[in-house]
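Peer 1: Structure here, sequence nowhere to be found:
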């Protein structure tokens, strides 16, 4: 009986050490959704990204943050209409753990409505569909927030 108890204790201790090691290597994952053409909400998204990045960086931990824009939120990434273009440029240059994804469905709809090509800000990646990108990020373990 004592042998079984010792084995259980040893197994429990080994499991705790393994889980602690895994937790220490964990990359924190955050996806921020923007769907409104509202400068205040766009700034809030950037504030949240900066605060979360700073929090984990200060703790010496990794964080990966993705900002996903679709619908009217795509204006955040448009070179011609973004009210936060200067902040976006700063993020791209100074925060490698924050990336930006633009919905191609929304982009193509805007191109059709305006009848002209739409340029996105530097550092913005185009994904096929913003909603699908968020769904896939959720599956990959990202916490999804809509500030």
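Peer 2: Cool, got the structure. Keep in mind that this is a model prediction, so the values were computed, not measured. Residues are numbered from 1 along each chain as shown.
Peer 1: I'd like the next helix or strand past the one helix or strand in the chain whose mean pLDDT sits lowest.
Peer 2: Lowest by mean pLDDT, DSSP states H and E among the helices and strands of the chain is helix 2-24, with a mean of 46. For helix 2-24, the following helix or strand on the C-terminal side (DSSP states H and E) is strand 27-34.
Peer 1: What strand or helix carries the residue nearest the centre of the chain?
Peer 2: Central residue of the chain (C-alpha atoms, centre = their mean): residue 66, 2.0 Å from the mean position. For residue 66, the element it lies in under DSSP H and E is strand 62-69.
Peer 1: For that strand, buried residues please.
Peer 2: Neighbour-count burial for strand 62-69 flags 63-69 (criterion: 16 or more other C-beta atoms under 10 Å). The C-beta positions use only the backbone N, C-alpha and C, and glycine is treated the same way.
Peer 1: do the same with stretch 103-123
Peer 2: In stretch 103-123, counting by 16+ other C-beta under 10 Å, buried: 103-107, 110, 118, 120-121.
Peer 1: Would you mind listing where this structure has pLDDT under the threshold?
Peer 2: The chain contains residues with pLDDT under 70 at 1-25.
Peer 1: For residue 107, give its distance to residue 116.
Peer 2: Taking C-beta to C-beta, to the nearest Å as the measure, residue 107 falls 12 Å from residue 116.
Peer 1: do residue 72 as well
Peer 2: Residue 72 is 18 Å from residue 116, by C-beta to C-beta.
Peer 1: With that, I have no additional questions.
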